[in-house]
Each structure stands twice: as structure tokens, then as C-alpha cells.
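Novice: Would you be able to build a 3D model of this:
(2 chains)
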Amino acid sequence: MTNKDLANIIFPHITKTIADYEKMYPKRNLEEGACVTRFAPSPTGFVHIGNFLSCLIDYVIAKNTNGIFYVRNEDTDQKREVENAIQIIHDVMSFYDMKPNEYQKGDTVVGKYGPYIQSERKEIYQAFIKHLVEIGRAYPCFATKEELEELRSAQEKIKARTGYYGRYARYRNLSIEEAVKKIEAGEKYVIRFKSMGDFEKKFKFMDEVRGLLYLPENDEDFVIMKSEDGLPTYHFAHLVDDALMHTTHVVRGEEWLSSVPKHVELFATFDYPLPKYIHIPLILKQDGDIKRKISKRKDPEASMQYYEEAGYPKEAVIESLMTIANSNYEQWHTEYPEKNYLDFIFDPKKMSATGGALYDIEKLNNISKNVIAKMTKEELKEASYEWACKYNSDLKEIIERDPKYYMSILNIERESTKPRKDITTYADILNHIWYMYDDLFLKEVPYEFMKITDKAEIKHIASIYIEKYYHPSDNQDEWFGKIKTLCDELGYASNMKEYKQNPEKFKGNVADISTVLRVALTKRAQTPDLYEIMQVLGEKKIKERFARL
RNA sequence: GACUCGUUGGUGAAGUGGCUUAACACGCCGCCCUCUCAAGGCGGUAUUCACGGGUUCGAAACCCGUACGGGUUACCA
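Specialist: The predicted model follows:
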């Protein structure tokens, strides 16, 4: 019996050859320098921020070079599969306006290199594995879990490197006849790759981020096909898919760096060109004294869903991630504020290789404030409304009942050269504007008076102001001039400098008086410009609120 | 344990042998401006680049060693 017979016994149903597939998926016809990248998530129902970062980089690289960006669903581990996962992934991408050139979702397949779901590519992988068996570079392995565990502990005992390699690969040299006998007896088996590498030898590997690396050759006969469902492992799917789909750049987490030797041997075995690898740093989190990998279970901010729900503008999240991707992004962005992030030329060499970046929420907050401050009132209204429809019915209701009024509130100290920067997220908006609405203003919120707390004095100040000095048609200077006059009349300093020189000469100062008026109208001691607030509130509400005092 | 990547401030980092008495951004602190706040302006925030050796006229940068941190070591990706 020959290897070919063995291959036919294992894969009797596989009739296509690798040459057939090579013909089916010919080289892409792209312009010089165009990169083909892919986002290859596992359908776990959860989009990790680190995965999203790699997706973003993939996308930018493809856009930079007029290339192709596609999405491939890596569902070879069917145990982890979660319903709707593909939809969730696409939702996240579309929220951030990322449009893949090729993908598969439901019954829709876009692109000629599909299927883009690995579980639907089983036959393809098996044709490649069959080929490997035929040429004697893959073999069935009948080792049970227990056998493998024994092997491992035996290796640990003698302090040998653990793993299934060289002389420890017990089924590597099983005769074809014996293998066939076991298969026919119904024994379970996996297919392992027969490595020709020498662990003692090193080879050069070019990592696009770290530069030239010397890595030991792979000598492990690692599993390429699982026994349960005949699906390939990641390593093998990576070879077949990225070769057939003609991926030029693989962006993935640093944790993959140590399996590079496996991938290199695999590509070399088929004589396929190795894609370029961009191993990106992990995203870490400060936990007490230590930095640790941001974790799906413990950290809500590990999920992209978190940022959307929290009401961060998508531009802010993108910008903060781009800053991690390329440290020079921020400078570029301040230099060309009008340009889209996709115009930025990503350079893997400019990526930090420090083995993990802390994702800084403070920094995100700052970026977010600036993004929101730069929006026009219409833009902010639209974006916040869209958010509110999904995540906050109170805000939704408030916007709907009078969108114009809402916008006029948002417009306070906006659309100027020095816009306000107090709103961090859409979720934050209501905290800043509730007092502009009567129903919310009238709720049991205490007045937060500051220095002047004497009720009689407060009443006194308020009533004189409203009776004598309030004129709805005043411009800002007239308005403030009158508050100063009020100060003089009541023995408060209308000039802060004078007050600071001789505070004992006055009952207080113009700030104290303003605060009384501010709190009377908003219940809060800290608000944006009072004049503008009063303009938006209007005469009727102002008079009502003073009367309520 | 083995293999591997890394180590510049509170954080992200610039830095590729002299232009570094170490950019920039966030944070923090102080002052100024100001009717409050958010801002904004100005200044401070690493006597020094994990440590120890070496190379060099000269090192954060190059080499060696040590320590520490991360990753991998699955029929998970």
C-alpha cells in the first residue's frame, strides 16, 4: 500500500485536487502595491477591542493601497460558536462605517474567493490535507488524550521540551498497513503534519513591526485536522485560506508570534508565498500594580459593545485606537484635522512593539470631548438621537418632543472658535441639560446655593433682579452691566479686582450674585454661560422660576 | 522548565551614535484669565532612559550578561 491509498481511505469523498483549487482562486488582479487584508474573527458573539484594533489596521492598510479588505469567519472551533455572532461582528463594523469588499453573511456571499465561512470550506481543507497525506507529509495519529498526557508528564519529568515531535511522535512512522487497520477498526484519529524542521536550527523571519527575527524551526507534528468533525486547526486553515484568498498582509495579535515557525513550514511545504505579518501588541489593563491582558470576562471595556453603549462617538474610539496603532497618528491628525483617518498612511514600523499597551480611558474621554465639541448642533443632535434610540429612552423622548429646543440648548457656547468641552459622551448630555426642561427642573432636586445661603438674602437679590433689572431684550453686555449695578446697589463688589484687594469692604462679589441667579434658574452652581442659558430659556420660564423661589 | 518578544515619566510614547540639559499628547500640580464650571494661556511634573559590564572621543540608542514583565508550549483561536 502507498500513501496514496491511505489518502483515499481517509478521504474517499475528496475528488478535487489542490491544483483545481488553485485554478478556482487565481491570483487577484490588483494594481501594483495593493494589499489584501482580512478580518478573521471567531464567532464568539463578542468583539474584543484587540480584535477590533487588528480589524481597523487591516482596513486602513487596504484603503491606503486601494486593496481588498475581506471578512472571514473563523468557526473551526464549533464548540465556541454562538448564534448571531456573524451579525454582531458586522454590526460593530458598520457602526464604525467599515465596509468590507468581500464577506459572507446569511445567504449573501460577496466576493469570488468564498466561501468566507471556514466551516463551509471543509472540502477545500481536506483536499489540501489529502495531498499532504499523499506526499507523505501528513499522517493519522491515534494517540488518545491519556497517551498525550502521559507523554507530556514524561517529558516534564526529564525536563525535555514538551510536545509531539521527533522521537516522541509515536504514530509518525506507523506503517500504512497498520494505520489502515486502525482506521478500519474505527479508531479515532487526528491528522498531524509531518514536520521536517530542526528545532536546533534558526531561520530568519521578517516581522513587519519588530523587524528581523531569528526563530527556531518548527519540528512539531502538530494537529492539522481534528478527529471530531474533520475541520482543520487554525494553523492549517490559515495556510489554505490566506494562500487561496491571496492575503498579502496578516494583522494579528502578538500571541501568534510563537506559532510563526509552524506557519512558515506550512507555506514552504506548499511553496506558497508567505504573507507579511504584522503582529500587534496586546491591549492591557492596569490592575493594581500589574498590567494584564484585558479580559473578556472581567473587563466590560474589553468589548466594543461597551463603547457604543457608553455613548462614545465612533470618531473618538477610532482616533484613540489609531493612536495606539501608530504613535504618529495624533500629530498627523492635529496637522490635518479635516482629513479622514483612512487618508493616514499606516506604517507597521511606527507601531510600538513593547508587548502591550494600556488602553487609557482618560485619553479616550479627552478625545471624545474634543470630537463632541467640534460637532455642529445638528450633528450632535443626530448622533445623540441615534444613540438615545438604542440606549436611552429618556433622552430620546426629550429630543423628540422639541428637537429645535434641544438643539438650541446644545448650541450654547457651541459653533465658535472656543467651543465648550464639557460633554464626554452622549450618555453625558442629559446630566448637563436637564434643568432646561421644566419637568426635570421641578423634580426634587435641591438648589445648590454656594456662598450665599441665607434665604431672605437670596429672595431679596432675586426679586430685585427680576423686578428692576431683568429685560429680555438686553444684549450680553447690557445684561451683565445690570448685574453689576445690582451688586453696587446691594453692597457687593461689581469689580473682582477691587474685591480681591479689599474683600472686607464688601458683602460679597459679583460672582456670588451671579451664582444666586444661576442657581435660581438652574438649581446648579456650575453651568455654561448664564446669559445664553437665559436666552434659550426665554422670558416666561425665567419669570416662573424666579417666582418659584 | 523550554522557546520567544519586550523593558524610556502616572499613561500612550518620540527617539535608528553627537541637533536630547529626552519631543508630543493625556493625566496631575501651580499661576493667569474669568460671574460659576468646561475650556483657554503660561509654567512645573524622567538630574535621565530596568540593572551591571563593555565598544566609542561620545550611548537612551551598538554588544554581552542579569533582573523583571508579556506571550506560546491544546484535537482554542
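Novice: Give the buried residues for stretch A:137-144.
Specialist: By 16 or more other CB atoms under 10 Å, the buried positions in stretch A:137-144 come out as A:137, A:138, A:139, A:140, A:141, A:142, A:143. All C-beta atoms are positioned from the backbone trio N, CA, C, and that covers glycine.
Novice: so who does the fourth one touch?
Specialist: Residues in contact with residue A:140, defined by CB atoms under 8 Å, 6 or more residues apart in numbering, are A:6, A:10, A:171, A:174, A:179, A:182, A:183, A:189, A:190, A:191, A:192.
Novice: which one is the first one nearest to, not counting chain neighbours?
Specialist: Put plainly, it is residue A:6. Spatially, and ignoring its direct neighbours in sequence, residue A:6 is nearest to residue A:176 (5.1 Å; CB to CB, 6 or more residues apart in numbering).
Novice: That neighbour against residue A:3, yeah?
Specialist: Yes. Using CB atoms under 8 Å, residue A:176 makes contact with residue A:3 at a distance of 6.8 Å.
Novice: for RNA strand B, what are the nearby residues on the stretch 101-250 of chain A?
Specialist: With CB under 7 Å from any atom of the strand as the criterion, the stretch 101-250 of chain A comes near RNA strand B at residues A:143-145, A:148, A:152, A:159, A:161-164, A:188, A:190, A:202, A:210-211, A:213-216, A:222-223, A:226-228, A:231, A:233-234.
Novice: mind redoing it with 6 Å?
Specialist: Applying CB under 6 Å from any atom of the strand, we find that the stretch 101-250 of chain A lies next to RNA strand B at A:148, A:152, A:159, A:161-163, A:188, A:190, A:210, A:213, A:215-216, A:223, A:226-228, A:233-234.
Novice: now, which of the residues you listed lie within helices?
Specialist: A:148, A:152, A:234 (DSSP state H).
Novice: Stretch A:404-423 and RNA strand B, are they touching?
Specialist: Yes. Using CB under 6 Å from any atom of the strand, stretch A:404-423 reaches RNA strand B at A:413, A:418, A:420, A:421, A:422.
Novice: Would you mind measuring the gap between the ends of that stretch?
Specialist: Stretch A:404-423 has its terminal residues 19 Å apart, counting by CA to CA, to the nearest Å.
Novice: re the thing from before, which one (most neighbours) among the ones in helices among the residues of the stretch 101-250 of chain A next to RNA strand B?
Specialist: Looking at those with neighbours defined as other CB atoms under 10 Å, the largest count falls to residue A:234 at 18 neighbours.
Novice: now that we're looking at that residue, how far away is residue A:223 from it?
Specialist: To residue A:223, residue A:234 is 10 Å away according to CB to CB, to the nearest Å.
Novice: Name the spans of the stretch 51-200 of chain A whose pLDDT lies under the cut-off.
Specialist: Across the stretch 51-200 of chain A, nothing is flagged by pLDDT under 70.
Novice: so where do the helices sit in it?
Specialist: Ranges of helices in the stretch 51-200 of chain A, per DSSP state H, counting those that start in this stretch, are A:85-95, A:122-134, A:145-157, A:176-184.
Novice: Check which residues of stretch A:82-101 are buried.
Specialist: A:85, A:86, A:88, A:89, A:90, A:92, A:93, A:96, A:98, A:100.
Novice: Could you dump the residues you listed into JSON lines with distance to residue A:428 added?
Specialist: Converted to JSON lines, these look like this (distance: CB to CB, whole Å):
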{"residue": "A:85", "distance to residue A:428": "31"}
{"residue": "A:86", "distance to residue A:428": "32"}
{"residue": "A:88", "distance to residue A:428": "26"}
{"residue": "A:89", "distance to residue A:428": "28"}
{"residue": "A:90", "distance to residue A:428": "28"}
{"residue": "A:92", "distance to residue A:428": "22"}
{"residue": "A:93", "distance to residue A:428": "26"}
{"residue": "A:96", "distance to residue A:428": "20"}
{"residue": "A:98", "distance to residue A:428": "26"}
{"residue": "A:100", "distance to residue A:428": "32"}
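Novice: Low-confidence ranges, the stretch 301-450 of chain A, go.
Specialist: Using pLDDT under 70, the stretch 301-450 of chain A drops low at A:355-358.
Novice: Run through the residues of it sitting next to RNA strand B.
Specialist: Residues of the stretch 301-450 of chain A lying near RNA strand B (CB under 6 Å from any atom of the strand): A:323-324, A:327, A:330-331, A:349-350, A:352-358, A:360, A:362-363, A:366, A:413, A:418, A:420-422.
Novice: Quick one: neighbours of the closest residue to residue A:224 other than its chain neighbours, just the number.
Specialist: Among residues not flanking residue A:224 along the chain, residue A:236 sits closest, at 4.0 Å (CB to CB, 6+ apart). Residues near residue A:236, counting by other CB under 10 Å, number 26.
Novice: Assumed residue A:236 was part of a helix.
Specialist: Yes. Counting by DSSP: H, G, I helix; E, B strand; the rest coil, residue A:236 is located in a helix.
Novice: Ignoring the adjacent residues along the chain, who's closest to residue A:325?
Specialist: Counting by CB to CB, 6+ apart, residue A:57 is the residue found nearest to residue A:325 once chain neighbours are left out, at 5.5 Å.
Novice: ok, that neighbour touching residue A:346?
Specialist: Yes. Under the criterion of CB under 8 Å, residue A:57 makes contact with residue A:346 at 6.2 Å.
Novice: shared neighbours, these two?
Specialist: Shared contacts of residue A:57 and residue A:346, defined by CB under 8 Å, 6+ apart, comprise residue A:325.
Novice: Now, of the residues of the stretch 101-250 of chain A next to RNA strand B, which are buried?
Specialist: Among those, those buried by neighbour count (16+ other CB under 10 Å) are A:163, A:190, A:210, A:223, A:226, A:233, A:234.
Novice: which one is the last one nearest to, not counting chain neighbours?
Specialist: Just to be clear, that refers to residue A:234. Closest residue in space to residue A:234, ignoring its immediate chain neighbours: residue A:76 at 6.7 Å, by CB to CB, 6+ apart.
Novice: Can you list the neighbours in contact with stretch A:494-503?
Specialist: Stretch A:494-503 is contacted by residues A:483, A:484, A:485, A:487, A:488, A:493, A:506, A:509, A:510, A:511 when judged by CB under 8 Å, 6+ apart.
Novice: Please identify which pair of those lies farthest apart.
Specialist: Greatest spacing in the contacts of stretch A:494-503, by CB to CB: A:485 and A:511 (15.7 Å).
Novice: So between these two, which is more surrounded?
Specialist: Taking neighbours as other CB under 10 Å, residue A:485 and residue A:511 compare with residue A:511 leading, 16 against 13.
Novice: How about that one, nearest residue that isn't a chain neighbour?
Specialist: Using CB to CB, 6+ apart and skipping residues adjacent in sequence, the residue nearest residue A:511 is residue A:496, 7.1 Å away.
Novice: For residue A:216, which residues count as its bridge partners?
Specialist: With DSSP bridges as the criterion, residue A:216 is bridged to residue A:202.
Novice: so what's it up against?
Specialist: A:199, A:200, A:201, A:202, A:261.
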